[in-house]
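In: From the sequence below, what's the structure:
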Amino acid sequence: MCGVVGAVTHSPVNQLLYDGLLLLQHRGQDAAGIVTSEGPVFHTFKGPGYVRDVFRTRNMRDLSGHTGIAHCRYPTAGSAYSDLESQPFYVNSPFGVSLGHNGNLTNSDALKRELRELDFRHVNTNSDSEVLLNVLALELERASQHHRLDPDAIFKAVAGVHKRCRGAYAVVAMIAGYGMLAFRDPYGIRPLIVGVNDAGEGPEYLVASESVALEPLGFRVLRDVDPGEAIFVDQAGHFNARQCAASASLNPCIFEYVYLARPDSVIDGTSVYEARLRMGAALARKIRDIPEAQDIDVVIPIPDSSRPYALELANTLGKTYREGFVKNRYVGRTFIMPGQALRKKSVRQKLNPIGMEFKDKVVLLVDDSIVRGTTSREIVQMARDAGARKVYFASASPPVRFPNVYGIDMPNQEELVATGRTEAEIAREIGADLLVYQDLDALKDAVRFGNPRLADFEASCFDGRYITGDITPDYLSSLAKSRDHTRGEAESEAAEDATA
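Out: Next up, the predicted model:
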């Protein structure tokens, strides 16, 4: 997952884009970049790390202009950080286009071969985002009339992108001398929303991955970008939108609601926080029917994202809710750290139990999901070491049994703790006395309650059904090898850093 922002304003846009990235920092902590435009001239700065660490005052001064896009990066699909792969990307032919992308193309390798052998375009990195940029640039060239663009030609180009690209993509782009373009894949897998600021000289527009990046910056939510739709705002602020896909359907990634998105965001008409409360209530109803789970003394969340689940679960069951772990906010996410040893070490540094909340109690720990099981095992043991009499574990989502190919860098299927195991076997693997998973139908109902229009979801990590219909066993095998190779390189670099 990554975070994208794009804006067309009547005042310098650099601070707005920077603030937008700060609000989307949870979506990517690997690298950040901003590109602004003064007519046909682009100004760019990007680099590794958190947004606050990438940009300095001197960098911001150079990012002049009233139109711009920004990106915070989380590496996916076997791609570790490289200076060359931080976004936005840029290509100078035929018009000068800069692009930031959230998602993952599932036919990236085939497209790269086509670009090289048939279209004579060169791709410099392993990033599928650069492939997407070159496809867009080529389609813009084909759609242009005498090397000039208008909204019709731009939307025709996006239609060409939809015909060639498979997978998940939410995109912000700038075309030199023309304006900002944003579009979403025909399945609507990754989120994208547009807002407007009506005050001042005239309407200003902001496009972002989540609604949380709009209202704090003074923009009123206009609407979600529809699946397959493109939005183009020229440099004078004129807004254009058009459906560019031959067929489109809304299938948002359900893991956005479980874990990825901020709780104060609204995605495709559903409040993430409300959905998480309903997930907790549904999980409580399931636990209520389990005879051996009736002796729970206290419900404790694994901070931070699990608090809404645990709170509503405790309220529904009529059980005591307590904060049992204190989180050190200055340790990186275990979900994205390479290597089991580093992950195991970081869990103990990241969480510390409050002994009095565990001693001689039957504790129900609540987490948003269980992926590898490494973190869960450590946390269960920490609860036992703190004196818990029994440790039960509840996951607000179903078992993660399949890899995600649409922009979440989940591990290989063999590394998923739920692969080939029953719930009882997973409980033994993580050391819990009892393990309860959310049912997939209950999870979908919890999200759908906020917007009944959500008929289906991208839930492949739970059910193995890949919504784009192009994922084969060979593709998953190739992806697993790519991720293994990247992980090996990352672990070698970490080992070198540790001994340096």
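In: Report the buried residues of stretch 191-207.
Out: If you call a residue buried by 16 or more other Cβ atoms under 10 Å, then stretch 191-207 has these buried ones: 191-197, 203-207. C-betas here are computed from N, CA, C, even on glycine.
In: ok, of the residues you listed, which one's closest to Asp441?
Out: When those are compared for distance to Asp441 (Cβ to Cβ), Pro191 wins out at 22.5 Å.
In: mind checking the SS state of that closest one?
Out: With DSSP: H, G, I helix; E, B strand; the rest coil as the basis, the three-state label of Pro191 is coil.
In: circling back: if we only consider the buried residues of stretch 191-207, which is nearest to Asp295?
Out: The shortest gap between Asp295 and any of the buried residues of stretch 191-207 belongs to Pro191, at 40.7 Å (Cβ to Cβ).
In: surely the closest one meets Asp224?
Out: Yes. Here Pro191 lies in contact with Asp224, judged by Cβ atoms under 8 Å, at a distance of 7.3 Å.
In: Phi and psi next, for the nearest residue to Leu84 once chain neighbours are set aside.
Out: If the residues on either side of it in the chain are set aside, Leu84 comes closest to Thr125, at 4.8 Å by Cβ to Cβ, 6 or more residues apart in numbering. Per-residue torsions, Thr125: phi -120, psi -180 (degrees, to the nearest 10).
In: what's around Thr125, how many residues?
Out: Residues lying near Thr125 (other Cβ atoms under 10 Å) number 15.
In: One more: Gly47?
Out: Gly47 sits with 13 neighbouring residues when counted by other Cβ under 10 Å.
In: Look up which residues are beta-bridged to it.
Out: When assigned by DSSP bridges, Gly47 has beta-bridge partners Ala32.
In: residues contacting it?
Out: When contacts are counted by Cβ atoms under 8 Å, 6 or more residues apart in numbering, Gly47 is found next to 31-33, 54, 83, 86.
In: which among these gets closest to Val447?
Out: Ala32 (29.2 Å).
In: how close does the closest one sit to Tyr74?
Out: When Cβ to Cβ, to the nearest Å is the yardstick, Ala32 and Tyr74 sit 11 Å from each other.
In: same deal with Ala480?
Out: 19 Å.
In: Compare neighbour counts for those two and give me the winner.
Out: When neighbours are counted by other Cβ under 10 Å, Ala480 and Tyr74 differ, and Tyr74 comes out ahead with 22 against 17.
In: Report the separation between the more buried one and Gly407.
Out: Here the criterion is Cβ to Cβ. By it, Tyr74 lies 8 Å from Gly407.
In: and what of Gln413?
Out: Counting by Cβ to Cβ - Gln413 and Gly407 are separated by 17 Å.
In: hmm, back to that, how about the buried residues of stretch 191-207, which pair is most distant?
Out: Checked with Cβ to Cβ, these reach their widest spread between Pro191 and Pro203, with 22.3 Å between them.
In: Any idea how many residues pack against the residue nearest to Lys359 when sequence neighbours are not counted?
Out: With Cβ to Cβ, 6+ apart as the measure, Gly387 is the residue that lies nearest to Lys359, at 3.5 Å, once sequence neighbours are left out. Taking other Cβ under 10 Å as the neighbour definition, Gly387 ends up with a count of 15.
In: Then the one 10 residues further on?
Out: When counting by other Cβ under 10 Å, one arrives at 26 neighbours for Ser397.
In: quick one, which of Gln413 and Gly407 is more surrounded?
Out: Between Gln413 and Gly407, Gly407 has the larger neighbour count (other Cβ under 10 Å), namely 27 against 19.
In: Make sure Gly387 is indeed in a helix.
Out: No. In this structure, Gly387 is coil, not part of a helix, as judged by three-state DSSP.
In: Now do the same contact list for it.
Out: If you count contacts by Cβ under 8 Å, 6+ apart, then Gly387 has 355, 358-361 around it.
In: of those, buried ones?
Out: The neighbour-count test (16+ other Cβ under 10 Å) applied to those identifies 358, 361 as buried.
In: Give me the residues contacting stretch 259-277.
Out: Under the criterion Cβ under 8 Å, 6+ apart, external residues in contact with stretch 259-277 comprise 1, 26-27, 188, 191, 193, 210-212, 221, 224, 250, 252-253, 256-258, 305, 308-309, 311-312, 368-369, 396-397, 408, 446-451, 453-454.
In: Could you pick out the buried ones from these?
Out: By the neighbour-count criterion of 16+ other Cβ under 10 Å, those include these buried positions: 1, 26-27, 188, 191, 193, 210-212, 224, 250, 252-253, 256-258, 305, 308-309, 311-312, 368-369, 396-397, 408, 446-448, 450-451, 454.
In: now, which of the residues you listed lie within strands?
Out: Using DSSP state E, 193, 224 are the members of these that sit in strands.
In: Tell me which of the buried ones among the contacts of stretch 259-277 fall in helices.
Out: When DSSP state H defines the helices, the subset of the buried ones among the contacts of stretch 259-277 inside them is 308-309, 311-312, 446-448.
In: which one among these gets closest to His66?
Out: Of all these, His66 sits closest to Val447, with 37.1 Å by Cβ to Cβ.
In: Retrieve the pLDDT associated with that closest one.
Out: Here, the pLDDT recorded for Val447 equals 97.
In: OK, contacts around it?
Out: Contacts of Val447 by Cβ under 8 Å, 6+ apart are 254, 257, 270, 275, 278, 454, 457.
In: and if you look at Leu351?
Out: The contact partners of Leu351, taken as Cβ under 8 Å, 6+ apart, are 302-303, 325-328, 379, 382.
In: Let me have the residues you listed in CSV, adding pLDDT as columns.
Out: Listed next are those as CSV, based on pLDDT from 0 to 100:
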residue, pLDDT
Ile302, 95
Pro303, 90
Phe325, 94
Val326, 93
Lys327, 86
Asn328, 82
Ile379, 96
Met382, 95
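In: Return the members of those residues classed as buried.
Out: Buried by 16+ other Cβ under 10 Å: 302-303, 325, 379, 382, out of these.
In: Narrow these to those in helices?
Out: Using DSSP H to define helices, the subset of the buried ones among the contacts of Leu351 located there is 379, 382.
In: what two of the buried ones among the contacts of Leu351 have the greatest distance between them?
Out: Put simply, by Cβ to Cβ the two of those set farthest apart are Pro303 and Met382, 12.9 Å from each other.
In: what is in contact with those two at once?
Out: Contacts common to Pro303 and Met382, judged by Cβ under 8 Å, 6+ apart, are 325, 351.
In: Does Arg322 touch Lys359 like I think?
Out: No. When contacts are counted by Cβ under 8 Å, Arg322 is not listed as touching Lys359 (12.0 Å).
In: Buried residues in stretch 366-383, which are they?
Out: Residues 366-380, 382-383 are the ones in stretch 366-383 that count as buried (16+ other Cβ under 10 Å).
In: hmm, back to that, mind checking pLDDT for the residue nearest to Lys359?
Out: At Gly387, the pLDDT value in this model is 96.
In: what's the spacing between it and Gly355?
Out: To Gly355, Gly387 is 6 Å away according to Cβ to Cβ.
In: For Arg73, give the beta-bridge partners.
Out: Partner residues in beta bridges with Arg73: Ala31, with DSSP bridges as the criterion.
In: tally of neighbours for it?
Out: The burial count assigned to Arg73 is 27, neighbours taken as other Cβ under 10 Å.
In: what's the spacing between Asn124 and Lys156?
Out: When Cβ to Cβ is the yardstick, Asn124 and Lys156 sit 27 Å from each other.
In: ugh, wrong one, Met180
Out: Where Lys156 is concerned, Met180 sits at a distance of 17 Å (Cβ to Cβ).
In: same check, this time on Arg278
Out: With distances taken as Cβ to Cβ, Arg278 is found 42 Å from Lys156.
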